[in-house]
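**Student:** how would this look folded up:
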Amino acid sequence: MVNPFPFSAIVGQDDMRLAFMIAAVDPSVGGVLAFGDRGTGKSTAVRALAALLPKIRVVAGCPYNCAPENRAGLCGACTGEAKPKAEQRGAPVVDLPLGATEDRVVGALNLERALAAGEKHYEPGLLARANRGFLYIEEVNLLEDHLVDLLLDVAASGVNLVEREGLSLSHPARFVLIGSGNPEEGELRPQMLDRFGLAVEVRTPQDVPTRIEVVRRRNDYDRDPEAFHRTWAGAERKLRAQITHARERVASVETSDAALERATRLCIALGADGLRGELTLIRAARAFAALEDVPAIGDKELKRLAPMVLSHRLRRNPLDDGGSAPRVQRAIEEVFGP
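**Tutor:** Numbering: from 1, shown residues only. Coordinates of the predicted model:
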């Protein structure tokens, strides 16, 4: 199996790369939506992220990736073990195809065992595999409505409840949702859009040196993937260590009253509905501060993350043709100063 393109070798797309790293540091931020032009490395970045992430400790043999140290979050099978054995696995990054059936997503009765042995056996689905990892949906704006409704329920509760074909069970399903798509092919439902903590616009580079470097690196990777990986192995180790360190210290990053006030004033200035904007902005800024190894959230972190957190949460203004990004920038200048 060929290793995916290294995350550290991706040229440009700074917002997308930063958003993915923030989601890796603190999953409570709520996932990442990457919308933009075709052929800009969205899928490449997601698969590169999978190889970059540190391994996780799971209960040996558990299909749901249960964490042995989290007794309250264990599945039914793992709860019955007094002291479950642990093993390490790569952090799961699971693709959800557009044509996937509901059975494949949530899991279903294993018909072979039911017919052969006459016993009901649950076959875990994609949500089980994605627990404690990432669920990636390419062209998320084209996902069928019944699957959108299902994902909204599971994302809100962190539990996949299966009631079908005589089965009645539940298992943990906490994952970071990553979606990509082209806005020209259709818009995303507002309920689904609100579930993404961060949204980034991915555009084709317009300067010649950047485009040449993208083509050069991709060409080098296609010719000899192993040699290309050896070249970038040091940078990958450094990024992996940065994420690991940030995870360890993110809870200790200080959030001052001044930072809370700035975030609140910014959301009020933009007319953001609800309080999810402030909560996500603070969480994302805290993860960014941990990645930058600074002790507290400051204006730099809030200003850097505000467009990613708030642009997709704004009501449309028919009198403003500029879109949401300029509105966020104007609000930043109003609250923080030019």
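
**Student:** rest of the way, CA atoms for contacts and neighbours
**Tutor:** Noted.

**Student:** For residue 229, give me its contacts.
**Tutor:** Contacts here follow Cα atoms under 8 Å, 6 or more residues apart in numbering; on that basis residue 229 touches 3, 5-6, 221.

**Student:** Residue 292: which of those residues is nearest?
**Tutor:** residue 6 (20.9 Å; Cα to Cα).

**Student:** For the closest one, list the residues it contacts.
**Tutor:** Going by Cα under 8 Å, 6+ apart, the list of residues near residue 6 reads 48, 51-52, 229, 232, 236.

**Student:** Highest neighbour count among the residues you listed?
**Tutor:** Ranked by the number of neighbours (other Cα atoms under 10 Å), those place residue 52 first, at 24 neighbours.

**Student:** check contacts around it.
**Tutor:** Contacts for residue 52 were tallied using Cα under 8 Å, 6+ apart; they are 6-7, 236, 239-240.

**Student:** Tell me the buried residues in stretch 272-284?
**Tutor:** Neighbour-count burial for stretch 272-284 flags 272, 276-284 (criterion: 16 or more other Cα atoms under 10 Å).

**Student:** Dump the contacts of residue 6 to CSV, plus pLDDT, secondary structure and distance to residue 337.
**Tutor:** Shown next, in CSV, are those (pLDDT from 0 to 100; DSSP: H, G, I helix; E, B strand; the rest coil; distance: Cα to Cα, whole Å):
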residue, pLDDT, secondary structure, distance to residue 337
48, 90, helix, 37
51, 83, helix, 40
52, 86, helix, 37
229, 92, helix, 44
232, 94, helix, 40
236, 93, helix, 37
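
**Student:** follow-up on the earlier one: filter the contacts of residue 229 down to the buried ones, PyMOL style.
**Tutor:** Selecting only the buried entries of those in PyMOL, with 16+ other Cα under 10 Å as the criterion:
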select buried, resi 5+6+221
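
**Student:** Throw the contacts of residue 229 into JSON lines and include distance to residue 146, pLDDT and secondary structure, thanks.
**Tutor:** Shown next, in JSON lines, are those (distance: Cα to Cα, whole Å; pLDDT from 0 to 100; DSSP: H, G, I helix; E, B strand; the rest coil):
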{"residue": "3", "distance to residue 146": "34", "pLDDT": "81", "secondary structure": "coil"}
{"residue": "5", "distance to residue 146": "33", "pLDDT": "91", "secondary structure": "coil"}
{"residue": "6", "distance to residue 146": "35", "pLDDT": "93", "secondary structure": "coil"}
{"residue": "221", "distance to residue 146": "39", "pLDDT": "94", "secondary structure": "helix"}
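
**Student:** got the contacts of residue 229 as a markdown table, with distance to residue 43 columns?
**Tutor:** Below are the contacts of residue 229 laid out as a markdown table (distance: Cα to Cα, whole Å):
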| residue | distance to residue 43 |
| --- | --- |
| 3 | 14 |
| 5 | 10 |
| 6 | 12 |
| 221 | 16 |
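
**Student:** and which of the contacts of residue 229 is nearest residue 65?
**Tutor:** Set against residue 65, the nearest of these by Cα to Cα is residue 3 (22.7 Å).

**Student:** so what's the closest one up against?
**Tutor:** Residue 3 sits in contact with 51, 225-226, 229, where contact means Cα under 8 Å, 6+ apart.

**Student:** Flag every buried residue along stretch 39-48.
**Tutor:** Taking 16+ other Cα under 10 Å as the basis for neighbour counts, the residues of stretch 39-48 that come out buried are 40-43, 45-48.

**Student:** And the strands in the stretch 151-300 of the chain?
**Tutor:** Secondary structure of the stretch 151-300 of the chain (DSSP state E, counting those that start in this stretch): strands at 159-164, 167-172, 175-181, 198-202.

**Student:** which residue packs closest to residue 250, ignoring adjacent ones?
**Tutor:** Leaving aside its sequence neighbours, residue 250 sits nearest to residue 290 (Cα to Cα, 6 or more residues apart in numbering; 5.1 Å).

**Student:** Next, the nearest residue to residue 141 once chain neighbours are set aside: phi, psi?
**Tutor:** In this structure, residue 141 finds its nearest non-sequential neighbour in residue 188, 4.7 Å apart by Cα to Cα, 6+ apart. Dihedral angles phi and psi of residue 188 (degrees, to the nearest 10) take the values phi -90, psi 140.

**Student:** now the helices: where do they sit in the stretch 1-150 of the chain?
**Tutor:** Counting by DSSP state H, counting those that start in this stretch, residue ranges of the helices within the stretch 1-150 of the chain are 14-25, 42-52, 76-79, 102-106, 111-117, 126-130, 145-157.
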